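Chemist: Following is a predicted model, sequence given first.
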Amino acid sequence: MTAPAHARTSGDLIRAEEPVLAHNYHPLPVVVARAEGTWVEDVEGRRYLDMLAGYSALNFGHRHPVLIEAAHRQLDRLTLTSRAFHNDRLAEFAERLAALTGLDMVLPMNTGAEAVESGIKVARKWAYDVKGVPADQATIVVAAENFHGRTTTIVSFSTDESARAGFGPFTPGFRIVPYNDLAALEAAVDETTAAVLIEPIQGEAGVLIPDEGYLAGVRELTRRKGCLFIADEIQSGLGRTGRTLAVEHEDVVPDVLLLGKALGGGIVPVSAVVARREVLGVLHPGEHGSTFGGNPLAAAVGTAVVELLETGEFQRRAAELGLVLRGGLAELVGKGVTGFRARGLWAGVDVDPAIGTGREISERLMREGILVKDTHGSTIRLAPPLTITAGELRSALGVLEKVLGEGN
Ligand SMILES: Cc1ncc(COP(=O)(O)O)c(C=O)c1O
């Protein structure tokens, strides 16, 4: 008989997963049982500082009291209606999210990949209905090294072989250009182009920040050529970079914004396509939908998230503490760090491969009570909850220095 979960050790639980759980992840060997704020605790009661924050789904930390309260209140009233009926929470969520982002209309979905898929569909429909692209000829231009999710259409335009191999045939209609290269983008966009879809900062690729002027250049180019600019801010958005949106660093408003992760407050999956009325207005009843998209629980939590962001407090914290992060990482360059890219409370840190792979460094940090995740090769990604204190951040940097100093 299986022992009750509370009586099983981390080792027991990891071994129990092996035969019953698909092996599509390679988690660090830590089994989290509870969490609060920036801290998580494993089944043996060891505490860790969470420097990953659910890939930015936990921007407000674990179980932020305002968000938990909003979820509890809604759980006691109404959780799901489907969009067959109206619910009394959705209008406020859409109004406030549109106002927060400076756009007009909201299409609520659940996961990030669904928001991306929905954005692609909306852009194609716009190309046929508004731009006049001949049927089935629409193209979407994307950037190399992108990460937009895992559906068959989305991996169709990935340049990461491990995300694609074995999953063909792929969806046509995408053109891939180098990131951060306006000339290549200019050459790829033509009269068939519905949209340019990019991440304002490429997270999975290692927190790659484009040159100053790139996002404004994409905005100018898409406007001039008559196609849409879709910004995937699923990871970069909602306070992470020190602004509500990463595109704000260049005063850019895209035509279509894709949001997810932190929009659900780390409680429920909530994503959205937010766009100008001329764009999202192309959808009519029956053309797109989701059973769970816009459900009242998601809308209640999403509204509470928007309310937190309306205060500006989290954006400010990310900007101010981002300076601490940047300063601390700068001191580690040459001491095990070969380079880093940082904006707000988000950094990709390249570790000297002689010291270890990103995975090995992540495991060493875990043993010292810090949870991070590697991306490619020897790069680790730091993205703590925006609720982290300066002291916690400094202590995490101190542990990183110690681990790197121990060498290989
Ligand atoms: C930029 C970006 N887009 C889309 C996604 C996909 O989101 P989800 O995993 O919720 O489908 C991610 C997830 O990491 C992401 O970082």
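Modeler: Alright, I've got the coordinates.
Chemist: Only C-alpha atoms from now on, for both contacts and neighbour counts.
Modeler: OK.
Chemist: can you give me the helices in this protein?
Modeler: Listed in chain order, the helices of the chain (DSSP state H) span 10-17, 53-56, 65-75, 90-101, 112-126, 152-156, 161-164, 182-188, 214-225, 277-280, 296-310, 313-332, 358-367, 390-405.
Chemist: Tell me which of the ones you listed lies nearest to Thr244.
Modeler: helix 313-332 (6.2 Å; Cα to Cα).
Chemist: Report the buried residues of the closest one.
Modeler: For helix 313-332, a neighbour-count test (16 or more other Cα atoms under 10 Å) marks 314-319, 321-326, 328-330, 332 as buried.
Chemist: ok, now stretch 118-136?
Modeler: Within stretch 118-136, the residues that count as buried by 16+ other Cα under 10 Å are 118-120, 122-128, 131, 133.
Chemist: domains of the chain?
Modeler: Using automatic domain parsing, the domains assigned to the chain come out as 5-63+315-407, 65-310.
Chemist: start to end distance for the longest one?
Modeler: Distances were taken as Cα to Cα, to the nearest Å; on that basis the terminal residues of domain 65-310 are 17 Å apart.
Chemist: right, is it up against the ligand?
Modeler: Yes. Legend: contact between domain 65-310 and the ligand by Cα under 6 Å from any ligand atom is shown at 111-113, 147-149, 199, 232-235, 261.
Chemist: TSV please, covering those residues and showing pLDDT.
Modeler: TSV is the format used below for the residues of domain 65-310 next to the ligand (pLDDT from 0 to 100):
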residue	pLDDT
Thr111	98
Gly112	98
Ala113	98
Phe147	98
His148	98
Gly149	98
Glu199	98
Asp232	99
Glu233	98
Ile234	98
Gln235	98
Lys261	98
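Chemist: Tell me which of those fall in strands.
Modeler: Of the residues of domain 65-310 next to the ligand, the ones assigned to strands by DSSP state E are Asp232.
Chemist: which stretches of this structure aren't confidently modelled?
Modeler: The model of the chain has pLDDT under 70 over residues 1-6, 407-408.
Chemist: At the geometric centre of it, which residue do we find?
Modeler: Geometric centre of the chain, nearest residue: Gln235, 2.0 Å, by Cα atoms, centre = their mean.
Chemist: Just give me the neighbour total for the closest residue to that one other than its chain neighbours.
Modeler: Leaving aside its sequence neighbours, Gln235 sits nearest to Ser56 (Cα to Cα, 6 or more residues apart in numbering; 5.9 Å). Around Ser56 there are 29 other residues, counting by other Cα atoms under 10 Å.
Chemist: Kindly report the same for Leu75.
Modeler: By other Cα under 10 Å, 14 other residues sit near Leu75.
Chemist: List the contacts of it.
Modeler: Leu297 (Cα atoms under 8 Å, 6 or more residues apart in numbering).
Chemist: repeat for His148
Modeler: Each residue near His148 by Cα under 8 Å, 6+ apart is listed here: 112-113, 116, 154, 232.
Chemist: and with 10 Å instead?
Modeler: Contact analysis of His148 by Cα atoms under 10 Å, 6 or more residues apart in numbering lists 112-117, 154-155, 157-158, 197-199, 202-204, 232-235, 258.
Chemist: what about stretch 65-83, how long is it end to end?
Modeler: Terminal residues of stretch 65-83 lie 29 Å apart, using Cα to Cα.
Chemist: So for it, what gets flagged as buried?
Modeler: In stretch 65-83, counting by 16+ other Cα under 10 Å, buried: 66-68, 70-71, 74, 79-80, 82.
Chemist: Grab the CA positions of stretch 270-280 and hand them over as CSV.
Modeler: Extracted C-alpha coordinates of stretch 270-280, given in CSV (Å, rounded to 0.1, in the frame of the first residue of the first chain):
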residue,chain,number,x,y,z
VAL,A,270,-5.2,33.0,-16.6
SER,A,271,-4.0,34.4,-20.0
ALA,A,272,-5.4,37.0,-22.4
VAL,A,273,-5.0,38.6,-25.8
VAL,A,274,-5.4,42.3,-25.4
ALA,A,275,-5.7,44.4,-28.5
ARG,A,276,-7.1,47.4,-30.3
ARG,A,277,-10.8,47.2,-31.1
GLU,A,278,-10.1,47.1,-34.9
VAL,A,279,-8.1,43.9,-34.4
LEU,A,280,-10.0,41.8,-31.7
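Chemist: Now it: buried residues?
Modeler: Neighbour-count burial for stretch 270-280 flags 270-276, 279-280 (criterion: 16+ other Cα under 10 Å).
Chemist: Look up how far the ligand lies from Ser395.
Modeler: 27 Å (Cα to the nearest ligand atom, to the nearest Å).
Chemist: Thr171 is nearest to which of the helices of the chain?
Modeler: In terms of Cα to Cα, the element of the helices of the chain nearest to Thr171 is helix 152-156, at 5.2 Å.
Chemist: contact partners of the closest one?
Modeler: Residues from elsewhere that reach helix 152-156, judged by Cα under 10 Å, 6+ apart: 113-114, 116-117, 120, 146-150, 161-165, 167-174.
Chemist: What's the ChimeraX syntax to select whichever of the residues you listed are buried?
Modeler: Burial among the contacts of helix 152-156 is assessed by 16+ other Cα under 10 Å; the matching ChimeraX selection reads:
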select :113,114,116,117,120,146,147,148,149,163,164,173,174
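Chemist: In the stretch 301-408 of the chain, what residue comes closest to the ligand?
Modeler: The nearest approach of the stretch 301-408 of the chain to the ligand comes at Thr375, 11.2 Å away (Cα to the nearest ligand atom).
Chemist: Would you mind measuring from Pro296 to Glu41?
Modeler: As judged by Cα to Cα, Pro296 and Glu41 stand 30 Å apart.
Chemist: Comparing these two, which residue is more hemmed in?
Modeler: Taking neighbours as other Cα under 10 Å, Pro296 and Glu41 compare with Pro296 leading, 25 against 19.
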